[in-house]
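S.K.: Any chance you can model this:
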Amino acid sequence: MSQPVAYSVVVPVFNEEGNVEALTSRVVSVMEKVGAPFEVLFVDDGSRDGTPLLLSKLGARDRRIRVVRFARNYGQEAAVEALYLNARGRWLIQMDGDLQHPPEEIPTLIAKMEEGFDVVYAVREERRDSLFRVGASRAMQWSMRSLMEIELPEDVSTFRLMSAPIARLVAALPERRKFFSALLVWSGARIGTVRVRHEARHAGSTHYNFTKLLNHTFDLIVGFSSKPLRYIGTLGSLFAICGLGLGAWVIARKLVWNYGVMGWPSLFAAVVILGGVQLIATSVIGEYIARIYVQAQARPLYNIAERINFDEPPVADELRRASTGSRAASESASTSGAPS
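M.R.: Numbers count the residues shown, from 1 in each chain. Next comes the predicted model:
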């Protein structure tokens, strides 16, 4: 029987051939000094460079390096879910694969966890990101606070330490699109923060552009709040009130002052504005309906092409079997209780 693992350092990677060897070396060095049994788990999200080959070589040299390789790119959220469901440790330490999260700060997170927290977020000091990334991150946090009423400390990152039960709880939730930082807060876990260094990217360039960040923010808002629908209703009510007031004023002007209807350009502008608002409203409502459709399809989030250094069935498989068994038992009970 394998030795129980205290810590799983979990890392999603995509086209990080310039970083994985340095990252692994630094993480292993730090965790050996921590002194508890550990593993380093990578999920390769369909990399198209030399990352898969490098991970295979690392796994062959050290069985504490474990790898899950996707058949293609499924996105960071799918990779993070696979990490949470395949890790063996009692505590999970998540970090990015670009070395902007210094592995040498891991003991700082562990020390904070020992104060009694279930989740410890790393708060970045002197961020080494572009102004665009900093602004986009703060806009997303503002969206979380104002639209979803989820309070996250400012400048938290995906560098965090979590208890395994909490991580698996949020990973096993049925929704298709997950924002794990928000779900960890939703879980009711005891959350602490600690300030850590933030370094420049070790090699390569960021995979996040403006479009991806914008889509991510929109996914976050629509996935966690129905307030956009309420805002649409409020906006529609305001336009209706303005329209009624304008109509009453035009009728009164005609009856009292016998003043004809003028201003076709302004009327045309009002029609265009209202048409645009209607299209926006239809688009937002359609996004919610599309999510219901995708959720009803219930397709797997990812397809695993290869596992390296997995001697036992992954936790993910055990959770799926348990879920299938519970559904089967429920169906059997309902069938046996039905009248003949």
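S.K.: can you pull the buried residues of stretch 61-71?
M.R.: By neighbour count on 16 or more other Cβ atoms under 10 Å, the buried set for stretch 61-71 is 64-70. The C-beta positions use only the backbone N, C-alpha and C, and glycine is treated the same way.
S.K.: Spit out the contact partners of the spatially closest residue to H198 that is not a sequence neighbour.
M.R.: Closest residue in space to H198, ignoring its immediate chain neighbours: R124 at 3.9 Å, by Cβ to Cβ, 6 or more residues apart in numbering. For R124, the contacting residues are 155-157, 195-196, 198, by Cβ atoms under 8 Å, 6 or more residues apart in numbering.
S.K.: strands paired with the helix or strand encompassing R124, and their directions?
M.R.: Following DSSP states H and E, one finds R124 within strand 119-125. Here strand 119-125 is paired, per DSSP bridges, with strand 156-163 (antiparallel), strand 191-197 (parallel).
S.K.: any chance you could map the helices in the stretch 1-150 of the chain?
M.R.: Taking DSSP state H, counting those that start in this stretch, the helices of the stretch 1-150 of the chain run over residues 20-34, 51-61, 76-86, 106-113, 131-147.
S.K.: can you give me the strands for this protein?
M.R.: 7-13, 38-44, 65-70, 91-94, 119-125, 156-163, 191-197, 304-308 (DSSP state E).
S.K.: hmm, back to that, tell me which of the strands paired with strand 119-125 is the most buried.
M.R.: Burial of the strands paired with strand 119-125 is given as mean neighbour count (mean count of other Cβ atoms under 10 Å); strand 156-163 ranks first at a mean of 22.
S.K.: Show me what counts as buried in the strand holding R124.
M.R.: For strand 119-125, burial by neighbour count (16+ other Cβ under 10 Å) applies to 119-122, 124.
S.K.: and if you look at stretch 174-181?
M.R.: Buried positions in stretch 174-181, judged by neighbour count with 16+ other Cβ under 10 Å: 176-181.
S.K.: Nearest to E39, out of the residues you listed: which one, please.
M.R.: Nearest to E39 among the buried residues of stretch 174-181 is F180, at 19.9 Å by Cβ to Cβ.
S.K.: Quick check: that closest one touching L83?
M.R.: No - F180 is beyond contact range of L83, at 10.0 Å (criterion: Cβ atoms under 8 Å).
S.K.: number of nearby residues for the closest residue to F70 other than its chain neighbours?
M.R.: Of all residues not flanking F70 in the chain, G46 sits nearest, at 4.9 Å (Cβ to Cβ, 6+ apart). When counting by other Cβ atoms under 10 Å, one arrives at 21 neighbours for G46.
S.K.: Likewise for L229?
M.R.: 14.
S.K.: Could you pull up the residues touching S47?
M.R.: Counting by Cβ under 8 Å, 6+ apart, S47 makes contact with 13-17.
S.K.: want to throw those into a markdown table with neighbour count?
M.R.: As requested, the contacts of S47 are arranged in a markdown table below (neighbours: other Cβ atoms under 10 Å):
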| residue | neighbour count |
| --- | --- |
| V13 | 24 |
| F14 | 20 |
| N15 | 19 |
| E16 | 28 |
| E17 | 18 |
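S.K.: Now the two most distant members of these.
M.R.: Farthest pair in the contacts of S47, by Cβ to Cβ: F14 and E17, 10.5 Å.
S.K.: shared neighbours of those two, anything?
M.R.: Common neighbours of F14 and E17 (criterion: Cβ under 8 Å, 6+ apart): 47, 51.
S.K.: where does the stretch 51-200 of the chain have low pLDDT?
M.R.: Low-confidence segments of the stretch 51-200 of the chain, defined by pLDDT under 70: 126-155, 199-200.
S.K.: give me that answer again for 90
M.R.: 75-77, 97-101, 123-158, 173-188, 196-200 (pLDDT under 90).
S.K.: Pull out the buried residues from stretch 16-31.
M.R.: So stretch 16-31, judged by 16+ other Cβ under 10 Å, has buried residues 16-20, 23-24, 26-28, 30-31.
S.K.: do the same with stretch 94-107
M.R.: Result for stretch 94-107 [16+ other Cβ under 10 Å]: buried residues 94-103, 105-106.
S.K.: Kind regards, and thank you for your time.
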